[in-house]
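*Asks:* build me a model:
(one chain, ligands or ions: 1)
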Amino acid sequence: VFANIPQGPEDPILGVTVAYNKDPSPIKLNLGVGAYRTEEGKPLVLDVVRRAEQIILNDRSRVKEYLPITGLPDFNKFSAKLIFGNDSPAIQENRIVTVQCLSGTGSLRVGAEFLARHYHERTIYIPQPTWGNHPKVFTIAGLSVKYYRYYDPTTRGLDFQGLLEDLRSAPSGAIVLLHACAHNPTGVDPTLEQWEQIRQLMRSRGLLPFFDSAYQGFASGNLDADAQSVRIFVADGGECFAAQSYAKNMGLYGERVGALSIVCKSTDVASRVESQLKLVIRPMYSNPPIHGASIVATILKDRNMFSEWTVELKAMADRIISMRQQLFDALRARGTPGDWSHIIKQIGMFTFTGLNTEQVKFMTKEYHIYMTSDGRISMAGLSSRTVPHLADAIHAAVTR
Ligand code: PMP
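*Replies:* Down below sits the predicted model:
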């Protein structure tokens, strides 16, 4: 019956790794993956995560029963504290509902499904450009996706005026997707003053903020600093959505641990919203997996383990920042034409190099360096050993 089924296209981001795996060259370099690598190029399991797993393993009272539809209660409670702040009034007023979901993507999807069913406005504005999965997640949930201007290729920075204009002309009530920090793929974030202006504009136009927080702590190494954007929106008492992922900041990629929070105006509304979230989740996957959420809860609720985590998190963030500096220095040393200061100015895991599709193709063909065709490179995939190879490739690509 499926004899005529057409071949589906490879995912543009995950497809980079597929191509990389096929390349037999010993000098090949994969800068496409959005996952942290050590200086030796290896995936990293945090020590604190191993310790939490040991604790879980040794605790014979832990069983493998189903979690509630909304997930592990402690995980939800501490996840809300992590993003909204320990002393968030919205938490104290009991008007946030948090549900454990399948990492960041699953949290976005559950939020999108909920909005499609219960919110009066179906249009969501997402930044141009954004993570490639965003338009797909929201479209498939039944929302209508539009873009707001975000990145200015000439300055390789934020197109703040364009962003404000587009949000100003969005229909009242429209949903707006915001990257909480470390915007993917550009690495360009608004300043705090700009966030405040965005907040004022959005609240005055009745636009609904939906934060995607996939990199808390990964951008600056400081968990609170990276959540400021979200917190200024919550502080004004208005509604707000937030999707959290523990893929990057705890290195729990394949465990699929994340949370969706919806900040409501009252406890009563929050509890009705929660009842509807259950109706969204139950027919999708019934309830979420237990292991990853138990790791996160174990770490978040123990003061020592929490601080151990922040040290390891900072070390990852610092290594990425150091890779930015090393790549920038290497291009300067080669006299590569162009202003490469955006490499050190951009934030988070990725650098939006400004290299075009042709240059990317050239670097893959001649230097066996793999990245997405928009010129985005993962700084986490670089090491002191591989920086010179990348700098040579960029130099050759731009002077060709
Ligand atoms: N949002 C953004 C902006 C991302 O970059 C990612 C990961 N690449 C995600 C969400 C979701 O990741 P996950 O589902 O693995 O948590």
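
*Asks:* so who does the most centrally placed residue in the chain touch?
*Replies:* In the chain, the residue lying closest to the centroid (CA atoms, centre = their mean) is Ala214, at 2.6 Å. Ala214 is in contact with Gly104, Trp131, His179, Ala180, Ala182, Asn184, Ala243, Gln244, Ser245, Ala247, Lys248, counting by CB atoms under 8 Å, 6 or more residues apart in numbering. Yep, even glycine has a C-beta here, placed from its N, CA and C like the rest.

*Asks:* with Leu382 instead?
*Replies:* By CB under 8 Å, 6+ apart, the contact list for Leu382 reads Leu29, Leu31, Met323, Gln326, Leu327, Leu390.

*Asks:* distance of the last one from the ligand?
*Replies:* Taking CB to the nearest ligand atom, to the nearest Å as the measure, Leu390 falls 21 Å from the ligand.

*Asks:* how about the third one?
*Replies:* Taking CB to the nearest ligand atom as the measure, Met323 and the ligand are separated by 18 Å.

*Asks:* so that residue, which of the three states?
*Replies:* Per DSSP: H, G, I helix; E, B strand; the rest coil, the local secondary structure of Met323 is helix.

*Asks:* hmm, back to that, can you add pLDDT and give the contacts of Leu382 back as TSV?
*Replies:* Formatted as TSV, those follow (pLDDT from 0 to 100):
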residue	pLDDT
Leu29	95
Leu31	95
Met323	96
Gln326	97
Leu327	97
Leu390	97
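
*Asks:* quick one: neighbours of Arg149, just the number.
*Replies:* 17 (other CB atoms under 10 Å).

*Asks:* same deal with the one 10 residues further on?
*Replies:* Asp159 is surrounded by 20 other residues when neighbours are defined as other CB under 10 Å.

*Asks:* let me see the backbone angles for it.
*Replies:* Main-chain torsions, Asp159, degrees, to the nearest 10: phi -90, psi 80.

*Asks:* mind pulling up the pLDDT for the closest residue to it other than its chain neighbours?
*Replies:* Closest residue in space to Asp159, ignoring its immediate chain neighbours: Asp152 at 3.9 Å, by CB to CB, 6 or more residues apart in numbering. Here the pLDDT value assigned to Asp152 is 95.

*Asks:* now Asp152: phi and psi?
*Replies:* phi -110, psi 110.

*Asks:* show me the helices in the stretch 201-350 of the chain, by range?
*Replies:* Counting by DSSP state H, counting those that start in this stretch, residue ranges of the helices within the stretch 201-350 of the chain are 228-235, 267-285, 291-300, 303-334, 342-345.

*Asks:* give me the mean pLDDT for the very next helix or strand once past the shortest one.
*Replies:* By that I understand helix 342-345. Sequence order places strand 350-352 as the next helix or strand after helix 342-345, per DSSP states H and E. Average pLDDT, strand 350-352: 93.

*Asks:* so how far is strand 350-352 off the chain centroid?
*Replies:* 13 Å (CA atoms, centre = their mean, to the nearest Å).

*Asks:* and for stretch 69-87?
*Replies:* On CA atoms, centre = their mean, the centre of stretch 69-87 falls 18 Å from that of its chain.

*Asks:* ok, that stretch near the ligand or not?
*Replies:* No: in terms of CB under 6 Å from any ligand atom, no part of stretch 69-87 sits within range of the ligand; the closest distance is 12.8 Å.

*Asks:* nearest to the ligand: which residue in the stretch 301-400 of the chain?
*Replies:* Met349 (7.9 Å; CB to the nearest ligand atom).

*Asks:* for that residue, which non-adjacent residue is spatially closest?
*Replies:* Counting by CB to CB, 6+ apart, the nearest residue to Met349 once its immediate chain neighbours are dropped is Ala380, at 5.2 Å.

*Asks:* re earlier: from Met349, how far out is the residue nearest to the centre of the chain?
*Replies:* 9 Å (CB to CB, to the nearest Å).

*Asks:* could you do Ser144 as well?
*Replies:* In terms of CB to CB, Ser144 sits 30 Å off from Met349.

*Asks:* more neighbours: which of the two?
*Replies:* A direct count of neighbours by other CB under 10 Å for Ser144 and Met349 places Met349 higher, at 27 against 13.

*Asks:* follow-up on the earlier one: most tightly packed of the helices of the stretch 201-350 of the chain?
*Replies:* With neighbours defined as mean count of other CB atoms under 10 Å, the helices of the stretch 201-350 of the chain peak in mean count at helix 291-300, which reaches a mean of 23.

*Asks:* does the ligand sit close to that one?
*Replies:* No: between helix 291-300 and the ligand, judged by CB under 6 Å from any ligand atom, nothing touches; the nearest distance is 10.7 Å.

*Asks:* near the ligand, which residues of this structure?
*Replies:* 34, 103-105, 131, 179, 184, 212, 214, 245, 247, 253, 258.

*Asks:* what's the burial count for Thr191?
*Replies:* 10.

*Asks:* so where do the helices sit in the stretch 51-200 of the chain?
*Replies:* Under DSSP H, counting those that start in this stretch, the stretch 51-200 of the chain gives helices at 73-84, 89-92, 103-118, 133-140, 160-168, 192-204.

*Asks:* which strands and helices lie in contact with the first one?
*Replies:* The reference is to helix 73-84. Packing partners of helix 73-84 (3 or more CB pairs under 8 Å, 6 or more residues apart in numbering; DSSP states H and E): helix 89-92, strand 96-102, helix 228-235, strand 240-245, strand 257-263, helix 291-300.

*Asks:* kindly indicate which of the contacts of Leu382 lies nearest Pro288.
*Replies:* Here the nearest of these to Pro288, counting by CB to CB, is Leu31; it sits at 31.5 Å.

*Asks:* can you list the low-confidence ranges for the stretch 251-400 of the chain?
*Replies:* The stretch 251-400 of the chain contains no residues with pLDDT under 70.

*Asks:* repeat that with 90
*Replies:* 400 (pLDDT under 90).

*Asks:* just the closest residue of it to the ligand, please.
*Replies:* Nearest residue of the stretch 251-400 of the chain to the ligand, counting by CB to the nearest ligand atom: Gly258, 5.3 Å away.
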